[in-house]
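what shape does this take:
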Amino acid sequence: MPVNIPHDLPARAVLEAENIFVMSDERASHQDIRPLRIAILNLMPLKIATETQLLRMLGSTPLQVEVTLLHMASHESRNTPPEHLRAFYATWDDIQQDYFDGLIITGAPIEKLQFEDVDYWPEMVKILDWSREHVYSTLHICWGAQAALYHQYGVDKFELPAKTFGVFDHQVLKPTAKLVAGFDERFAAPHSRHTDVRVEDVEATGKIDVLAVSEEAGPFLFATPDGRQIFVMGHPEYDRDTLEREYRRDIDAGMQIEPPKHYFPDDDPAKQPVIRWRGHGSLLYANWLNYCVYQETPFDPSTITREQ
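Modelled structure (predicted):
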């Protein structure tokens, strides 16, 4: 089934070329079903690339999804055209009275800053608190996951001695969890971050399950038992060339950085990377939408109650 996005959104042409089912508001209005209302808080600088990646994941599921794109009102984006934000994005102020079945909060390249030093941290706190009563299930990615763990559960991050950068092997720790239903025992996923959280600190909350980890890259997937809070430390939504573009950007900036691990064939940056993470990435989003959102959210989202 389709993901419902504006007709002129740049992601539409990319997704249609990949045979991802997208539809217009007009066609969706003629279907006698209630689509899932999913908001995406896009904190990444290159918002068009990120929205396309996430819409690809949502569009591969059998559920109709109506997407609302959000950006921070308290932060000026320097890498996305203002006209794109005006045309396709809202702010939290615009939707704070609304209710959503699901919310995705992306990562952001600000990991080395203390949370309170981020210019939009006060707005982020408001959104995290609002989501507990206005969203049934929230999926947090990378820095977004670290921010929620810190604010909501007191789990702090720490800086790594070297960037975790590449495509790493992971092990499923709790195969009976619905979020990893259908996963192989081991699977690949990209990571790109300078900071991390300790598994033992997450476990010490007594409220969060550890579902998948990498011996080399650390934690990948946490979730509360009720599925209302999901934390993804990696980037299963990444395109084939996302890590390569990050690597080339850092090299061009004169930074000393190793090529992403286990990413280029034979570890040769001259060779084109092979996608080997998208299947499990799509399955993760499908499981989230099905088991954590569709099967659980009330038919009337305004009756969502605060999670405990």
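
can you pull the buried residues of stretch 115-123?
By neighbour count with 16 or more other CB atoms under 10 Å, stretch 115-123 contains the buried residues 115, 118, 120-121, 123. (C-beta placed from N, C-alpha, C; glycine too.)

ok, now stretch 198-205?
Buried residues in stretch 198-205, counted by 16+ other CB under 10 Å: 201-202.

and stretch 67-78, by the same measure?
Under the neighbour-count criterion of 16+ other CB under 10 Å, stretch 67-78 has 67-72, 77 buried.

dump the buried residues of stretch 115-123 to TSV, plus secondary structure.
Putting the buried residues of stretch 115-123 into TSV (DSSP: H, G, I helix; E, B strand; the rest coil) gives the following:
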residue	secondary structure
115	helix
118	coil
120	coil
121	helix
123	helix
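
so which of those is the closest to residue 161?
Residue 161 has its nearest neighbour among the buried residues of stretch 115-123 in residue 115, at 20.8 Å by CB to CB.

that closest one contacts residue 151, correct?
Yes: with contacts counted by CB atoms under 8 Å, residue 115 reaches residue 151, the gap being 7.4 Å.

from residue 83, how far off is the residue nearest to residue 60 when sequence neighbours are not counted?
Using CB to CB, 6 or more residues apart in numbering and skipping the chain neighbours, the partner closest in space to residue 60 is residue 282 (4.5 Å). To residue 83, residue 282 is 31 Å away according to CB to CB, to the nearest Å.

picking that back up, keep only those of the buried residues of stretch 67-78 that are in helices.
With helices taken from DSSP state H, there is no overlap with these.

quick one, helices of the stretch 51-200 of the chain?
Residue ranges of the helices in the stretch 51-200 of the chain, as given by DSSP state H, counting those that start in this stretch, are 82-88, 92-95, 121-134, 143-153, 199-204.

rewinding a little: the residue nearest to residue 60: what secondary structure?
helix.

if I look at it, what pLDDT would I see?
Residue 282 carries a pLDDT value of 95.

quickly note the distance from it to residue 209.
According to CB to CB, residue 282 and residue 209 sit 22 Å apart.

go on, residue 190?
Here residue 190 is placed at a distance of 22 Å from residue 209 (CB to CB).

who's more crowded, the two?
More crowded of residue 190 and residue 209, by other CB atoms under 10 Å: residue 190, with 26 against 16.

could you check how far that one is from residue 301?
Distance of residue 190 to residue 301, computed by CB to CB: 32 Å.

residue 207 touches residue 153, doesn't it?
Yes: here residue 207 reaches residue 153: they are 6.7 Å apart, a contact under CB under 8 Å.

so the two - more neighbours on which side?
In terms of neighbours (other CB under 10 Å), residue 153 is the more surrounded of residue 207 and residue 153; the figures are 20 against 14.

which residue, other than its chain neighbours, is closest to that one?
Of all residues not flanking residue 153 in the chain, residue 205 sits nearest, at 4.8 Å (CB to CB, 6+ apart).

OK, contacts around that neighbour?
Applying CB atoms under 8 Å, 6 or more residues apart in numbering, one finds that residue 205 lies in contact with 153-155.

and residue 227, by the same measure?
Neighbours of residue 227 in contact, by CB under 8 Å, 6+ apart: 137, 178-179, 288, 291-292, 296.

next up, phi/psi of it, please.
Here the main-chain torsion angles of residue 227 (degrees, to the nearest 10) amount to phi 70, psi 10.

Three-state assignment for residue 272, please.
coil.

coming back round to it: out of the helices of the stretch 51-200 of the chain, flag the one nearest residue 246.
Of all the helices of the stretch 51-200 of the chain, helix 143-153 sits nearest to residue 246, with 14.4 Å by CB to CB.

what is that closest one packed up against?
Judged by 3 or more CB pairs under 8 Å, 6 or more residues apart in numbering; DSSP states H and E, helix 143-153 is in contact with strand 100-105, helix 121-134, strand 135-141, strand 229-232.

and the longest one, what does it pack against?
What that stands for is helix 121-134. helix 92-95, strand 100-105, helix 143-153.

apply 10 Å and report the result again.
Other helices and strands packing on helix 121-134, by 3 or more CB pairs under 10 Å, 6 or more residues apart in numbering; DSSP states H and E, are strand 36-41, helix 92-95, strand 100-105, strand 135-141, helix 143-153.

redo the ones you listed as TSV? Include distance to residue 270.
Compiled in TSV, the helices and strands packed on helix 121-134 are given as follows (distance: least, CB to CB, whole Å):
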stretch	distance to residue 270
strand 36-41	35
helix 92-95	44
strand 100-105	34
strand 135-141	30
helix 143-153	31
